[in-house]
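*Asks:* one predicted model, sequence on top.
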Amino acid sequence: MNLKNKSGFEAVIVAGGRIPFQRSMSSYKHLSAFDLARMSLEGLITKSGLQPEHVELVIMGTVIQDVNTSNIAREAALAAGIPDDVPAFTTTMACISSNVAITTAVEKIRSGQNKVIIAGGVETMSDIPIRFRKKFRQKMLEARKYRSFSDFLKFFKGLRPSDLLPEIPSISEYSTGETMGASCDKMAAKYGVTREEQDQYALRSHQLAAEATKNGLLKNELFPAAAPPEFEPITSDNTFHTDTSMDKLSKLKPAFEKKYGTVTAGNSSALTDGASVALIMESDKAKELGFKAKARFRAYTYVARQPDVELLIGPAIAVPNVLDQMGLSLQDIDVFEFHEAFAGQILTVLKALDSDQFAKQRLNKSSKVGEIPMDKFNLWGGSLSLGHPFGATGTRLITTAANRLHKEDGQFALVAACAAGGQGHAIILERTDN
């Protein structure tokens, strides 16, 4: 959708950030997704100077929901001090859930329904819901009707010992039964992405994240956090490796396709806990409240395809879509921020965009979209190094893209991401200086 302003209302991002991303079962292991979302909202309000009473809506994306906080946006907003008459809702679209939260906020503003919205996302892999198997769950529900001792005696009738075992949520595609990593292995093989290329790209991501952290480039988008039992301030990501090397990466065994696979733990994004939020406003309202806009939202798209061998190819289809909406080419883009689910995934997307064959067969174009210059691509690290809390990555990408536009004196930024279910997303931001 091209966000050329026809209604008179323009949506802009004025602030954004996240609590530091942490590897699962590390710093945030005693916290819930609710805690992480609350801290991110509090961090945004404190750092931006926003008055909570100015917020009109809160939208957050998440993937693995806790039944106790199924509308986590509402619960976190209340806990963060946002007035109780401010509505909030939660959305999900796999790894692009917070992208959906942001573009929904944009549409709300463009339609004139709202002027000030907080949008973001959250995920914890340290506290995923684990349930009993279906047969035992049904028995538990039936037990609510029991009244006598004899009723309870029949509880275990028909149950096998295996029915009592816990059921851990699967990370495989429901429609295919295949894990994302296994699909990436097949996709990388199909497009000729070698193990060495994947390890080299992973090394680049970790080195750039370490360099950006050392040079303070990420400081403005990080909100300090604290977690029990120590409650020591957490001020930086613990997801990237400063001491990794090609030698170390090359020694890792394939993680999914054990015999011929090239996807390893070293060239994949790690399970991560984190939350991110952005302050989206109508441009005139931002000026009225004394906020300076960082970027305006221009064109965006969501795409989908069969979730099979090319499960993660979505960005290669979404990117030309938004470029065409804007009448732009890759040469017009100054900042690229793409989600890195796996090194094999991102390299496949880059190869597809630079392929005449892919353009003709898949995009109905006469020639390729083009080659993305790596000196503009994910320069502050990516999901491989900074981590990937499923519901929070999209807001991280958009926040970093807006910040990089100003740091690197650019005009247009292109954000893209793949998602489970064979889906993908791309959005273009344009720098503002008012």
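*Replies:* It's in. Please read these numbers as outputs of a predicted model, since none were measured by experiment. Residues are numbered from 1 along each chain as shown.
*Asks:* buried ones in stretch 317-336?
*Replies:* Of all the residues in stretch 317-336, those buried under the rule 16 or more other Cβ atoms under 10 Å are 317-326, 328, 330, 333-336. Every C-beta, even on glycine, is put in place using the N, C-alpha and C of the backbone.
*Asks:* let me see the mean pLDDT of that stretch.
*Replies:* Mean pLDDT, stretch 317-336: 98.
*Asks:* pull the contacting residues for the closest residue to T62 other than its chain neighbours.
*Replies:* Spatial nearest neighbour of T62, chain neighbours left out: G391 (3.9 Å); criterion: Cβ to Cβ, 6 or more residues apart in numbering. Counting by Cβ atoms under 8 Å, 6 or more residues apart in numbering, G391 touches 60-63, 92, 97-98, 121-123.
*Asks:* let's see 7 Å
*Replies:* 61-63, 97-98, 121-123 (Cβ atoms under 7 Å, 6 or more residues apart in numbering).
*Asks:* looking at the residues you listed, spot the one nearest L41.
*Replies:* V122 (9.6 Å; Cβ to Cβ).
*Asks:* can you classify that closest one by secondary structure?
*Replies:* Using DSSP: H, G, I helix; E, B strand; the rest coil, the structure places V122 in strand.
*Asks:* next: the one 5 residues further on.
*Replies:* Here D127 is coil, with the state taken from three-state DSSP.
*Asks:* can you tell me the element the residue nearest to T62 falls in?
*Replies:* Using DSSP states H and E, G391 maps to neither a helix nor a strand.
*Asks:* ok, the one 5 residues further on next?
*Replies:* Element membership of R396 [criterion: DSSP H and E] is helix 393-407.
*Asks:* mind listing residues that contact stretch 208-223?
*Replies:* By Cβ under 7 Å, 6+ apart, stretch 208-223 touches 16-20, 39-40, 43-44, 47, 235-237, 240, 242, 378-381, 385-386, 399-400, 403.
*Asks:* mind checking which of these are buried?
*Replies:* Buried among the contacts of stretch 208-223 (16+ other Cβ under 10 Å): 16-20, 39-40, 43-44, 47, 236-237, 240, 378-381, 385-386, 399-400, 403.
*Asks:* hang on, the earlier thing: and which of the contacts of G391 is nearest I428?
*Replies:* Top of the list for closeness to I428, among those and by Cβ to Cβ, is S98 at 17.2 Å.
*Asks:* count the neighbours of R133 for me.
*Replies:* Using other Cβ atoms under 10 Å, R133 has 15 other residues around it.
*Asks:* actually G274, not the one I typed
*Replies:* 33.
*Asks:* who does it form a beta bridge with?
*Replies:* E123 (DSSP bridges).
*Asks:* does it really touch A392, like I thought?
*Replies:* Yes. Using Cβ atoms under 7 Å, G274 makes contact with A392 at a distance of 4.9 Å.
*Asks:* overlap in contacts, these two.
*Replies:* 18, 123.
*Asks:* tell me the gap between the lowest-mean-pLDDT helix or strand in the chain and the middle of its chain.
*Replies:* Ranked by mean pLDDT, DSSP states H and E, the weakest helix or strand in the chain is helix 149-153, scoring a mean of 82. Centre-to-centre, helix 149-153 and its host chain are 49 Å apart (Cα atoms, centre = their mean, to the nearest Å).
*Asks:* can you name the next helix or strand after it?
*Replies:* Following helix 149-153 in sequence, per DSSP H and E, is strand 166-167.
*Asks:* what pairs with that following strand, parallel or antiparallel?
*Replies:* Taking DSSP bridges as the criterion, strand 166-167 forms sheet pairs with strand 131-132 (antiparallel).
*Asks:* chain center to the helix or strand just after the partner strand: distance?
*Replies:* Sequence-wise, the next helix or strand beyond strand 131-132 is helix 134-142, with elements assigned using DSSP H and E. Centroid separation for helix 134-142 versus its chain: 34 Å, with Cα atoms, centre = their mean.
*Asks:* quick one on the thing from earlier: looking at the buried ones among the contacts of stretch 208-223, which are in helices?
*Replies:* 39-40, 43-44, 47, 385-386, 399-400, 403 (DSSP state H).
*Asks:* quick check, nearest of the residues you listed to H54?
*Replies:* Set against H54, the nearest of those by Cβ to Cβ is L44 (12.4 Å).
*Asks:* give me every residue that touches the closest one.
*Replies:* L44 neighbours (Cβ under 7 Å, 6+ apart): 15, 17, 118, 223, 277, 279.
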